[in-house]
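[1] Just a sequence and a predicted model for now, questions to come.
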Amino acid sequence: MKITDQVIVNLFGSGTQLTTGQKIYFKIFEAYVIFNSIDLAWSWAFYTLKIKEVVLPLGIATHINIGFMHGNELPLWFAGTLTLLSILAFVRIGPKWLYLACFGLLHLLFCARYCLGEIPHSANFIGLSLLALGLGVYLYDENRYRQGVTMGLVYFFVGFGYTTASFSKLIATGIQWTDGRHLWLWMSEKSVDHLSKYGMAEYNFLQELAFLSVPIATIILIIGITTEFFGFLLWFKRTRPFITLAIIGMHIGIFLTMNIWFGKFMSELILIGFPWGIWMDKLKIGQLIKWRFLET
Amino acid sequence: MFRKQARRILLLLFIVNGFLVATHKGEFWPFSIYPMFSKAGQPWTRALIRDVSDMPDSLIWKITNYPDLPGNPATTTSLEIDNIDYSNFVCKTKDWNNDRVAALRFMIGEEHLKNRRLLAVKVSGRLTDDSNVETSALPFILFDQKGNHFNPSLDTSIYFQNENH
């Protein structure tokens, strides 16, 4: 089998009938994506009420004046609409494009919220998952295909994102990116953010250790960029759990050195990185739940 | 059949992803080239906010070596501001026209300026030739009940630069 065929099979499966465990898992994944989309929509909507000026337009706001979302309660209406539509889509009431409409609304809310200079990535996986879910539900009627397409796209773009991040570093800086002194510079930068946020900034044990010697700081950066590079291993069933653990470890390392917490990234990695459906089948959890709802 | 369709969907979305990030400086949510921390070794500038209500004017505007800062901390948490937003707003704005200054004041919140003087401070850091991190703090804009004040010791051109460059 060609390597591209292997990748496709590992990503999307072969469209066979889902086991009960896999059906339950997919519903849990769907609920996770909706819950987080609604959570993001409302938090962005409420914060947007405080915004008056556009400093750095992102996404669709580079083409349209996103100012129409500011100075009124439109963001709250958008968040409310997204909430209603996503719940309807989850219970399969209404047209098949509801998730795609939710994705469009969430993109607008993102652009209205993030126009002040910050370019966050913490919600990218949720956005990608909502888009993948939207495409899966819109294009297919059968649950097995919806699950295959949704999860395949999620595995691909999450893995691709990490590998791309490592390439971005190598292209922008080169192999000298791993010079430990760069970590010193970032840690001191983040200490200013910490001081600004909490009024105090103290370095922890790992940070002190990194500041002690360039080689230690360099090793930390090498481990980080190597883990990112191998992000594409999420595309393969066999390597998925191992690279998931490595990436979660990397995110914990980022938190300890730079105080950046990727909670949504990590929770989604835990959900997609392990064969939960198969484990549920082994535990025979499926026998306890026999909803018709799982078939949709 | 399903695999063929899946391959086509992936290819199409991959092309859409590539087109959008290529034409939008690497960012079109939720697509991204994830460029954070890609340019290593670059000098940085961040912003924080200080309560200088009890400080004489003569001491407020002095440039200091971080972590020596004027006044007391006025945390973004206590001001209910998103820390990254605040920092980016202060650091990325080049043209401090009346609207921008008013927007920053709005972000801080009029209720937090009652009987208080809050100072926006820019902190810059860079690697020195002898492998140390050198940081300095520049008092930038003072907010009080009377209004908004730029640092009088700085050339006004610093506050009015072209944002397109």
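    Nice, I can see it. Numbering: from 1, shown residues only, chains lettered A, B, ... in the order given.

[2] what about chain B, any weak spots by pLDDT?
    In the predicted model of chain B, residues B:163-165 satisfy pLDDT under 70.

[3] what's the domain layout of it?
    Recorded structural domains for chain B (assignment: automatic domain parsing) are B:1-33, B:41-158.

[4] quick one: the residue nearest to the spatial centre of chain A and chain B, what's the gap?
    The residue lying closest to the centre of chain A (CA atoms, centre = their mean) is A:Phe125, at 2.0 Å. Distance of A:Phe125 to chain B, given as CB to the nearest CB, to the nearest Å: 8 Å. (Each C-beta comes from the backbone N, C-alpha and C, glycine too.)

[5] ranges for the helices of chain B?
    Under the criterion DSSP state H, chain B contains helices at B:2-23, B:57-60, B:76-79, B:83-92, B:98-108.

[6] quick one: which of the ones you listed is nearest A:Pro57?
    helix B:83-92 (12.2 Å; CB to CB).

[7] hmm, the closest one in reach of chain A?
    Yes - using CB under 8 Å from any CB of the partner chain, helix B:83-92 comes into contact with chain A via B:83-89, B:91-92.

[8] Which members of those are classed as buried?
    B:83-89, B:91 (16 or more other CB atoms under 10 Å in any protein chain shown).

[9] low-scoring stretches of the stretch 1-150 of chain A, by residue?
    A:1.

[10] Might you enumerate the residues of it proximal to chain B?
    Residues of the stretch 1-150 of chain A lying near chain B by CB under 8 Å from any CB: A:4-5, A:8-9, A:11-12, A:14-15, A:47, A:50-53, A:55-56, A:58-59, A:62, A:107, A:110-111, A:114, A:116-121, A:123-128, A:131, A:135, A:139, A:145, A:148-149.

[11] quick one: A:Tyr145 and A:Gly15 touch, right?
    Yes - with contact defined as CB atoms under 8 Å, A:Tyr145 counts as touching A:Gly15 (5.9 Å).

[12] which residues are in contact with both of the two?
    Common neighbours of A:Tyr145 and A:Gly15, using CB atoms under 8 Å, 6 or more residues apart in numbering or on different chains, are B:Phe2.

[13] where along the stretch 151-296 of chain A do the helices fall?
    Ranges of helices within the stretch 151-296 of chain A are A:180-198, A:205-212, A:214-229, A:240-258, A:263-272, A:276-282, based on DSSP state H, counting those that start in this stretch.

[14] right, so those helices: which one is the most enclosed?
    Each of those was given a mean neighbour count from mean count of other CB atoms under 10 Å in any protein chain shown, and the largest, a mean of 21, is that of helix A:180-198.

[15] List the contacts of residue 66.
    I went with chain A, as the question did not name one. By CB under 8 Å, 6+ apart, the contact set of A:Ile66 is A:54, A:57, A:60, A:108, A:111-112, A:115.

[16] meant chain B actually
    A:192, B:123, B:125, B:135-137.

[17] Let me know the closest of the residues of helix B:83-92 next to chain A to A:Leu76.
    The closest of these, once distances to A:Leu76 are taken by CB to CB, is B:Asp85, at 19.1 Å.

[18] Find the nearest non-adjacent residue to that closest one, please.
    Of all residues not flanking B:Asp85 in the chain, A:Leu116 sits nearest, at 4.7 Å (CB to CB, 6 or more residues apart in numbering or on different chains).

[19] mind checking how far that neighbour is from A:Ala61?
    According to CB to CB, to the nearest Å, A:Leu116 stands 12 Å off from A:Ala61.

[20] One more: B:Thr23?
    Here B:Thr23 is placed at a distance of 14 Å from A:Ala61 (CB to CB).

[21] Those two: which is more packed in?
    A:Ala61 (21 against 10; other CB atoms under 10 Å in any protein chain shown).

[22] and B:Glu134, how many neighbours?
    Neighbours of B:Glu134 (other CB under 10 Å): 14.

[23] Identify the residues contacting it.
    B:125-128 are the contacts of B:Glu134 under CB under 8 Å, 6+ apart.

[24] Bridge partners for it, pull those for me.
    With DSSP bridges as the criterion, B:Glu134 is bridged to B:Arg126.

[25] Out of the helices of chain B, which is the most enclosed?
    Burial of the helices of chain B is given as mean neighbour count (mean count of other CB under 10 Å); helix B:83-92 ranks first at a mean of 22.

[26] so it versus helix A:180-198, what angle?
    Angle between the axes of helix B:83-92 and helix A:180-198 is 110 degrees (criterion: axes from the mean of the first three to the mean of the last three CA atoms, to 10 degrees).

[27] Quick check on B:Gln145: phi, psi?
    For B:Gln145, the backbone dihedrals (degrees, to the nearest 10) come out as phi -70, psi -30.

[28] separation between the residue nearest to B:Asn148 when sequence neighbours are not counted and B:Pro70?
    Spatial nearest neighbour of B:Asn148, excluding adjacent residues (CB to CB, 6+ apart): B:Val101 at 5.0 Å. As defined by CB to CB, B:Val101 lies at a distance of 20 Å from B:Pro70.

[29] just A:Ser129 next, same as before
    As for A:Ser129, its distance to B:Pro70 is 46 Å (criterion: CB to CB).

[30] Settle it for me: which of these two has more neighbours?
    Using other CB under 10 Å as the criterion, A:Ser129 and B:Pro70 rank with A:Ser129 on top: 28 against 18.

[31] shouldn't the more buried one be in contact with A:Tyr155?
    No - the pair A:Ser129 and A:Tyr155 fails to qualify as a contact (CB under 8 Å) at a distance of 10.6 Å.

[32] The stretch 1-150 of chain A: helices as residue ranges?
    A:3-12, A:20-48, A:74-90, A:98-113, A:124-139, A:143-172.

[33] Find the nearest non-adjacent residue to the residue nearest the centre of chain B, please.
    Residue closest to the mean C-alpha point of chain B, counted by CA atoms, centre = their mean, is B:Asn88 at 2.3 Å. For B:Asn88, ignoring the flanking residues on the chain, the nearest one in space by CB to CB, 6+ apart is A:Gly117 at 2.9 Å.

[34] Could you do A:Glu228 as well?
    In space, and not counting its chain neighbours, A:Glu228 is closest to A:Ser166: 3.9 Å by CB to CB, 6+ apart.

[35] I'd say the one you found and A:Ile225 touch.
    Yes - between A:Ser166 and A:Ile225 there is a contact at 5.2 Å, judged by CB under 8 Å.

[36] what's around residue 143, how many residues?
    No chain specified, so I'll use chain A. 19.

[37] ah, no, chain B please
    Using other CB under 10 Å: B:Phe143 sits among 22 other residues.

[38] any idea how far it lies from chain A?
    Distance from B:Phe143 to chain A, by CB to the nearest CB: 15 Å.

[39] on that earlier part again, in contact with the residue nearest to B:Asp85, which residues?
    With CB under 8 Å, 6+ apart, A:Leu116 has these contacts: A:51, A:53-56, B:85, B:88-89.

[40] Great, nothing more from me.
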